[in-house]
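K.L.:
sharing a model prediction with you, sequence too.
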Amino acid sequence: MPTLSDMIDEVRSSLAGYTLRQDRITYLNSAISSTATAITIGSSSNLAKGIIEIDDELIWIDNFSQASSTLNAAPGFGRGYQNTPASPHAQYAQVTLSPTFPRSMIKKAINDVINSLYPKLWSVASTTFTFNASQTTYTLPDDVESILYMSWQTTGSSLEWLPINRWRADPMANIATFNTTNTVNIYENIQPGRTVQVYYTTTPNTLDNNTDDYADVTGLPSSSVEVVILGACYKLLSYVDAGRINLSSAEADLNDTKIPSTAGVASSRYIYALYQQRLNDEALKLQDKFPIRIHYTK
């Protein structure tokens, strides 16, 4: 499955087809520490003030030296600009000047989409506890959103799991009594001491590290990665037009004749339509895999 870094690269490569402007790229001529302010790059033709990106870090360049191909970060706020992590960078690491879509922005868009997927898409988790004949109410993990299915394991060599048909979930249980707001009441004759298993839905987890595996960390089906990619693309494309508002030059006027002023919005709407279609497809898959099971609350 793709990692967060793979997803960022896919979003960026997808968006490159919708923008006239291509990012200028060079490389680090020598490694730098997380606090270094002098940054030597490979090409003197790529020197400029403003924002540069190395790996996941944004750096504000205050001035540069043409003779030594050195960019100088602003003291104090230059490294780790816009709350990106100030990190050491290896020799030959890619340096992007004035990135159209910084990796940090793409990462945020990806996680925003993941956070917005519930309740259409959800992760499936499970928990177990031991049945007690004198007990009706049992606590559940804090991340439980809704219960999909409950069963208990019978005695004997068959190791059969029988469905539990009479139960009631309480998402607003008394926290002082149960130390959680999620409980379930069981109204069925189960052999004391047997294991009860609960399958439930939970909100997907976001991706924090570049090496995070999509399916393993989010808990979502692997096929839903395309939904997140499309969602991140439409969110980022909606800002393309706003970024062109402050351009006032002959070159900008020429570009406007090639790309209408609403090109970003139009592309964003198109990608959004694809996103909604794939989201509905994935939602139907989940519903087919985990159909609603009728149960009684008493």
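P.N.:
Good, I have the coordinates. Residues are numbered from 1 along each chain as shown.

K.L.:
tell me where the stretch 151-298 of the chain has helices.
P.N.:
All helices of the stretch 151-298 of the chain, identified by DSSP state H, counting those that start in this stretch, fall at 175-178, 214-218, 225-237, 240-243, 250-258, 263-289.

K.L.:
surely Asn72 forms part of a strand?
P.N.:
Yes. Counting by DSSP: H, G, I helix; E, B strand; the rest coil, Asn72 falls inside a strand.

K.L.:
test my guess that it contacts Asn63.
P.N.:
Yes. Using Cβ atoms under 8 Å, Asn72 is in contact with Asn63, at 5.1 Å. For glycine as for every other residue, the C-beta is placed from the backbone atoms N, C-alpha and C.

K.L.:
which of those two has more neighbours?
P.N.:
Between Asn72 and Asn63, counted using other Cβ atoms under 10 Å, the more crowded position is Asn72 (15 against 11).

K.L.:
nearest the geometric middle of this protein, what residue?
P.N.:
Asn111 (2.6 Å; Cα atoms, centre = their mean).

K.L.:
now the helix or strand that contains that one, how far from the centre of its chain.
P.N.:
Assigned by DSSP states H and E, Asn111 belongs to helix 103-116. Here helix 103-116 is found 5 Å from its chain centre; the criterion is Cα atoms, centre = their mean, to the nearest Å.

K.L.:
tilt between that helix and helix 263-289?
P.N.:
Computed by axes from the mean of the first three to the mean of the last three Cα atoms, to 10 degrees, the angle separating helix 103-116 from helix 263-289 equals 40 degrees.

K.L.:
just want the angle from helix 103-116 to helix 225-237.
P.N.:
Using the same axes, to 10 degrees, helix 103-116 lies at 120 degrees relative to helix 225-237.

K.L.:
now Ala283. Nearest residue, chain neighbours left out?
P.N.:
Leaving aside its sequence neighbours, Ala283 sits nearest to Lys120 (Cβ to Cβ, 6 or more residues apart in numbering; 4.7 Å).

K.L.:
again with Ser223
P.N.:
Ser223 sits nearest to Glu282 (Cβ to Cβ, 6+ apart), 6.6 Å away.

K.L.:
neighbours of the closest residue to Thr195 other than its chain neighbours, how many?
P.N.:
Nearest residue to Thr195, sequence neighbours excluded (Cβ to Cβ, 6+ apart): Gln153, at 4.9 Å. Using other Cβ under 10 Å, Gln153 has 18 neighbouring residues.

K.L.:
what residues are bridge-paired with Gln153?
P.N.:
Trp161 (DSSP bridges).

K.L.:
how close does the residue nearest to Ser223 sit to Glu226?
P.N.:
9 Å (Cβ to Cβ, to the nearest Å).

K.L.:
ok, those two, which is more surrounded?
P.N.:
Remark: of Glu282 and Glu226, Glu282 carries more neighbours, 20 against 16, as counted by other Cβ under 10 Å.

K.L.:
my guess is that one meets Leu230, correct?
P.N.:
No. Glu282 is beyond contact range of Leu230, at 11.0 Å (criterion: Cβ under 8 Å).

K.L.:
surely Leu230 and Leu274 touch.
P.N.:
Yes. Between Leu230 and Leu274 a contact is recorded at 5.3 Å, counting by Cβ under 8 Å.

K.L.:
out of the two, which sits in the busier spot?
P.N.:
Leu230 (22 against 15).

K.L.:
the more buried one: what's it in contact with?
P.N.:
271, 274-275, 278 (Cβ atoms under 8 Å, 6 or more residues apart in numbering).

K.L.:
if I look at it, how far off is Gln82?
P.N.:
25 Å.

K.L.:
same question for Thr155.
P.N.:
From Thr155 to Gln82 the distance is 61 Å (Cβ to Cβ).

K.L.:
same question for Thr206.
P.N.:
Going from Thr206 to Gln82 by Cβ to Cβ gives 19 Å.

K.L.:
and if you look at Ser44?
P.N.:
To Gln82, Ser44 is 26 Å away according to Cβ to Cβ.
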